[in-house]
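Peer 1: Mind folding the following:
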Amino acid sequence: MKHQDSALAWRTSSFSDGMQCVEVALSGDHIAVRDSKDPSGPLLRFTRGEMLAFLQGAKAGEFDDLA
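Peer 2: Predicted coordinates:
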């Protein structure tokens, strides 16, 4: 899906080194995620439940092997 909504309030992690990160924004009932290097490119939308499951897994270290 191409990003068409410029009204979203995008934010990045404070651990990001600028433009080398993903950005997230609230988009209605969903969380939108995009690549900060391509802000007009495609984005993903996740339900709050899906995002919560991902964040809980990240906090638990389930993705540490990817970094």
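
Peer 1: When you work out contacts or count neighbours from here on, use the C-alpha atoms and nothing else.
Peer 2: Will do.

Peer 1: mind checking pLDDT for the residue lying closest to A58 once chain neighbours are set aside?
Peer 2: Leaving aside its sequence neighbours, A58 sits nearest to D64 (Cα to Cα, 6 or more residues apart in numbering; 7.5 Å). If you check D64, the pLDDT there is 96.

Peer 1: and if you look at the one 3 residues further on?
Peer 2: We have a pLDDT of 85 for A67.

Peer 1: what about it, how many residues close to it?
Peer 2: Neighbours of A67 under the rule other Cα atoms under 10 Å: 4.

Peer 1: for V33, same thing?
Peer 2: There are 21 residues near V33, going by other Cα under 10 Å.

Peer 1: my guess is it contacts E23, does it?
Peer 2: Yes: here V33 reaches E23: they are 5.6 Å apart, a contact under Cα atoms under 8 Å.

Peer 1: just to revisit the earlier point, mind checking how far the residue nearest to A58 is from L8?
Peer 2: Using Cα to Cα, to the nearest Å, one gets 29 Å for the distance from D64 to L8.

Peer 1: In terms of packing, which of these two has more residues around it?
Peer 2: Between D64 and L8, counting by other Cα under 10 Å, L8 is the more crowded of the two (13 against 10).

Peer 1: so the more buried one, which of the three states?
Peer 2: Using DSSP: H, G, I helix; E, B strand; the rest coil, the structure places L8 in coil.

Peer 1: got it, and F15?
Peer 2: coil.

Peer 1: Give me the contact list for stretch 15-30.
Peer 2: 8-13, 31-37, 45-48 (Cα atoms under 8 Å, 6 or more residues apart in numbering).
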